[in-house]
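>>> Fold the following for me, if possible:
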Amino acid sequence: MVPQGQSSSLQRLHHVEKRIVRVVELAGAVMVELGNSQGPLTDAVAGHCREFTLSMKEIQTTLCEEIKSDCEYRRFEKCDYSARSANEICCKKLQYVIEKMDAMQLSIERSTNEV
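Numbers count the residues shown, from 1 in each chain. So this is what the prediction gives:
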């Protein structure tokens, strides 16, 4: 069984596919109209171009949403690798700071002993 989110995503992509086919048909209709020996019907060309533009915007919007949704999908969201990695980095940073503070402490003790 397909999860609901994936199903609706596939439905949206199927709708985009249909819109792309329609856009190609519109482009073909405009080409036929422009190739008309009696001259193109301005209203027909304008109508096809308007529908073409609106369809392209809809296709672009839907595809952008789908791409964004897929990029946000976290396959390993329950994996603790990033938390463990961040923890290890923090430990190394703390270790580095402690070493520097120890060196500063030694330097202070040496300068105090010299005075």
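
>>> pLDDT weak spots in the chain?
1-7, 73-79, 115 (pLDDT under 70).

>>> all helices for it, in order.
Assigned by DSSP state H, the chain shows helices spanning 4-34, 42-72, 81-114.

>>> Would you reformat the ones you listed as TSV and include mean neighbour count?
C-beta coordinates here come from the backbone N, C-alpha and C atoms, glycine included. What follows is the helices of the chain, written out as TSV (neighbours: other CB atoms under 10 Å):
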stretch	mean neighbour count
helix 4-34	13
helix 42-72	13
helix 81-114	10
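
>>> Once you drop chain neighbours, what's closest to Glu58?
The shortest distance from Glu58 to any non-neighbouring residue, by CB to CB, 6 or more residues apart in numbering, is to Arg19 (6.2 Å).

>>> separation between that neighbour and Asn36?
Separation of Arg19 from Asn36 (CB to CB, to the nearest Å) stands at 26 Å.

>>> for Ser8, same thing?
42 Å.

>>> now do Ile20
As judged by CB to CB, Ile20 and Asn36 stand 25 Å apart.

>>> swap in Cys90?
72 Å.

>>> before we move on, what about Ser107?
90 Å.

>>> do the same with Ile67
For Ile67 relative to Asn36 (CB to CB), the value is 39 Å.

>>> Check Thr53 too.
21 Å.

>>> Check Leu13 too.
For Leu13, the distance to Asn36 - CB to CB - is 35 Å.
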